[in-house]
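Participant: need the 3D shape of this:
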Amino acid sequence: MADLFDKVKAFTRPKEARELGIYPFFQALQNSEGTTATFNGHEVVMIGSNNYLGLTTHPKVRQAAMDAIALYGTSCTGSRFLNGTLELHLELERRLARFMNAEAALTFTTGYQANVGTITALVGRGDYVIIDKEDHASIVDGCMMCMGELRRFSHNDPQSLENMLSRVPDTAGKLVVVDGVYSMGGDIAPLPELVRICKKYGARIMVAHRTNRNAANCNTPSVLITQPRRRSRYACGAATGCFASKEDGITPPPGRGALGQSTVVAVMVRRHDRTNLPGRVPRDHT
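Facilitator: Alright, predicted model coming up:
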């Protein structure tokens with residue numbers, strides 16, 4: 001009789017890598033201050049941090065965190081949906097919306113949750129979600145959870161996307177999801193051509209986080225969802241590195257600036273778009 005844990009017992013590669021001294025995950029740091037860190041008692045150069053502006057150790061940021069703990073404690077003690085929403089959350093969302101010239105902003109805890117939450121809210125049975133073959137794992141997970149039909153097109157290949165969209169029924173809702181910058185290869189999505197194709201076939205396009213090319217100016221696009229055949233658009237995204245926390249933030253339409261990559265993630269509607277909302281009402285997520 002098969003045991004679910006048989007594959008766990010047979011998976012020995014992590015142990016073998018540790019014995020060779022090359023296991024890269026869950027390595028504990030004794031200290032991490034900006035551009036350097038202490039690892040196994042030695043000072044090393046930190047090149048993997050999302051703390052782009054060094055704000056996590058800024059005296060004003062540290063003091064603000066201590067002031068918040070003194071007032072609210074160390075936990076929200078519940079989910080945002082029920083009793084976990086603090087005035088701090090609402091103030092953050094108001095400021096983000098004001099900064100982005102948006103009607104409202106909704107923050108998630110991580111960029112992963114933003115991608116999963118956005119895709120599963122928009123795509124349901126009878127809809128299609130079409131993704132680049134090299135999209136981030138959080139996008140793939142969102143697609144697997146959403147109960148829609150998943151299709152993949154060749155990496156950064158507009159013709160492959162067009163071939164895929166041409167086979168999707170006209171009556172079905174369609175969401176195309178790509179990364180703005182692909183984290184593994186560093187290449188950039190050909191957005192102008194992709195947007196043109198999406199408009200041709202009546203598909204929405206979601207450009208997911210992870211650009212950060214200009215994080216020092218908080219000026220990189222995260223997630224953008226455009227509405228075909230109209231100038232209205234919906235945005236959600238990530239902003240890690242410009243804030244002093246591991247959070248993913250929001251992004252506006254192209255040309256309006258952005259926050260860069262981080263872990264406060266927001267979904268928002270621009271002020272002049274509120275009369276052009278999609279006909280389909282997203283499912284409520286509890």
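Participant: distance of the spatially most central residue of the chain from Q27?
Facilitator: Central residue of the chain (Cα atoms, centre = their mean): G111, 3.5 Å from the mean position. Using Cβ to Cβ, to the nearest Å, G111 is found at 22 Å from Q27. C-betas here are computed from N, CA, C, even on glycine.
Participant: then P192?
Facilitator: Relative to Q27, P192 is positioned 41 Å away (Cβ to Cβ).
Participant: sketch out the low-pLDDT regions of the stretch 51-200 of the chain for me.
Facilitator: For the stretch 51-200 of the chain, no stretch is flagged by pLDDT under 70.
Participant: now do the helices in it.
Facilitator: Counting by DSSP state H, counting those that start in this stretch, the stretch 51-200 of the chain has these helices, from start to end: 59-72, 87-99, 111-122, 137-145, 158-165, 191-200.
Participant: just the buried residues of the fifth one, please?
Facilitator: It stands for helix 158-165. Neighbour-count burial for helix 158-165 flags 158, 160-162, 164-165 (criterion: 16 or more other Cβ atoms under 10 Å).
Participant: which one of those residues is nearest C76?
Facilitator: C76 lies nearest to L161 out of those, by Cβ to Cβ, at 40.7 Å.
Participant: can you put the helices of the stretch 51-200 of the chain in TSV and add distance to H42?
Facilitator: Formatted as TSV, the helices of the stretch 51-200 of the chain follow (distance: least, Cβ to Cβ, whole Å):
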stretch	distance to H42
helix 59-72	26
helix 87-99	38
helix 111-122	31
helix 137-145	32
helix 158-165	47
helix 191-200	43
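Participant: most packed of those?
Facilitator: Across the helices of the stretch 51-200 of the chain, the average number of neighbours (mean count of other Cβ atoms under 10 Å) peaks for helix 111-122, which reaches a mean of 24.
Participant: helices or strands next to it in the packing?
Facilitator: In terms of contacts (3 or more Cβ pairs under 8 Å, 6 or more residues apart in numbering; DSSP states H and E), helix 111-122 is packed against helix 137-145, strand 174-179, strand 204-208, strand 233-237, strand 265-269.
Participant: partners of the third one, with directions?
Facilitator: Meaning strand 204-208. In the sheet, strand 204-208 lines up against strand 174-179 (parallel), strand 224-226 (antiparallel) (DSSP bridges).
Participant: how distant is that strand from the center of its chain?
Facilitator: Put simply, strand 204-208 sits 11 Å off its chain's centre (Cα atoms, centre = their mean, to the nearest Å).
Participant: cool, the longest one as well?
Facilitator: With Cα atoms, centre = their mean as the basis, the distance from the averaged C-alpha position of helix 137-145 to the chain average is 11 Å.
Participant: ok, back up a step: of all the helices of the stretch 51-200 of the chain, which one comes closest to V177?
Facilitator: helix 137-145 (5.3 Å).
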